[in-house]
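Visitor: test case, fold it:
(one chain, ligands or ions: 1)
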Amino acid sequence: MNTAIFGGTFDPVHNGHIRLLRTVLQAVEVENAFIIPDRIPPHKQALGLSSGQDRLEMLRLAAAGLDRVTVSDWELEREGKSYSYYTVKHFRELYPEGELYFIMGSDMLLSFDKWYKAEELMKLCTPLCITRSAADTDACREKARQYPSAVFVEAEPFEVSSTQIRRLAAEGRYDELEPLVDPKVLGYIIEKKLYISKD
Ligand code: ATP
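Guide: Below you'll find the predicted structure:
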């Protein structure tokens, strides 16, 4: 029984995240996939980032139609910094059988060496990566050679970031967000006035 976990800040979740998830779930056989938003330190929330509750809610809206996918509040419920190592260890203990895929965009694979306990992390899971931008495809293929256990799924990049979404929302450019986020997530952003400066 294979499991996949997909961590990130998801502030907010966008179509790049969902597309990545759909692509990898088509590429590998997985019984359970978990999306796990990380904990944002309170001082960052003061800078206009959303609460864990809002990010969780938007993820639930965006993932509602995805088969086998659960949104997990495991990192949000833990104190302190969210290190992937602890999350992976926890899910490995919960699901000791089969592969444990750790889903990430190519930018994450490229910085993998610098992660907390990267080597131990690598032993606990199988990194599963897709191209985030056309510019890093070659670098990513090269990196995947360095980590022979990593699975690299080639897919046409969908270049969008949460930063871009927050910027557009802050300027009230909601029509430009339509192709980039789930309609229910967009409704939530508008209703809750997320990313608009409260000063
Ligand atoms: P921010 O702009 O706030 O830094 P982000 O868009 O990079 O956010 P994260 O929540 O930090 O989103 O990303 C979570 C995971 O999703 C990471 O593994 C990242 O590489 C991947 N990811 C994000 N956007 C894309 C995309 N457009 N295509 C493929 N992977 C993506």
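Visitor: so where's the protein uncertain?
Guide: In the predicted model, the chain carries pLDDT under 70 at residues 41-44, 46, 198-199.
Visitor: all strands of it, in order?
Guide: 3-8, 32-37, 69-71, 100-105, 126-130, 151-153 (DSSP state E).
Visitor: Leu168: which of those is closest?
Guide: Taking Cβ to Cβ as the criterion, strand 3-8 is the member of those that comes nearest to Leu168, at 19.0 Å. The way it works is simple: take the backbone N, C-alpha and C, and place the C-beta from them, glycine included.
Visitor: for the ligand, what are the nearby residues on this structure?
Guide: Residues of the chain found near the ligand (Cβ under 6 Å from any ligand atom) are 8-11, 16-17, 20, 104-105, 107-108, 130, 132, 158-163.
Visitor: 5 Å instead, please
Guide: Counting by Cβ under 5 Å from any ligand atom, the residues of the chain lying close to the ligand are 8-10, 16, 20, 104-105, 107-108, 132, 160-163.
Visitor: buried subset of the residues you listed?
Guide: Buried residues within these, defined by neighbour count using 16 or more other Cβ atoms under 10 Å: 8-10, 16, 20, 104-105, 108, 132, 160, 162.
Visitor: enumerate every residue touching the closest residue in space to Ala118 that isn't next to it in sequence.
Guide: In space, and not counting its chain neighbours, Ala118 is closest to Phe112: 5.9 Å by Cβ to Cβ, 6 or more residues apart in numbering. With Cβ atoms under 8 Å, 6 or more residues apart in numbering as the criterion, the residues that contact Phe112 are 118, 122, 127, 143, 147.
Visitor: between the residues of the chain next to the ligand, which is closest to Lys81?
Guide: Closest approach to Lys81 among the residues of the chain next to the ligand (Cβ to Cβ): Thr9, at 12.4 Å.
Visitor: ok, the closest one - contacts?
Guide: Under the criterion of Cβ under 8 Å, 6+ apart, the contact partners of Thr9 comprise 37-38, 40, 49, 55, 162.
Visitor: how about 10 Å then?
Guide: Taking Cβ atoms under 10 Å, 6 or more residues apart in numbering as the criterion, Thr9 is in contact with 37-40, 44, 49-50, 55, 82, 162.
Visitor: distance of it relative to Ile165?
Guide: Distance of Thr9 to Ile165, computed by Cβ to Cβ, to the nearest Å: 12 Å.
Visitor: check Ala144 too.
Guide: Looking at Ala144 against Ile165, where the rule is Cβ to Cβ, the gap reads 28 Å.
Visitor: now stretch 161-176: buried residues?
Guide: Using 16+ other Cβ under 10 Å as the test for burial, stretch 161-176 gives 162, 165-166, 168-169.
Visitor: out of these, which is nearest to the ligand?
Guide: Ser162 (3.5 Å; Cβ to the nearest ligand atom).
Visitor: tell me if I'm right that the closest one and His17 touch.
Guide: Yes: taking contacts as Cβ atoms under 10 Å, Ser162 lies within contact range of His17: 8.4 Å.
Visitor: shared neighbours of the two, anything?
Guide: Contact criterion Cβ under 10 Å, 6+ apart; residues bridging Ser162 and His17 by contacting each: 8, 10, 181.
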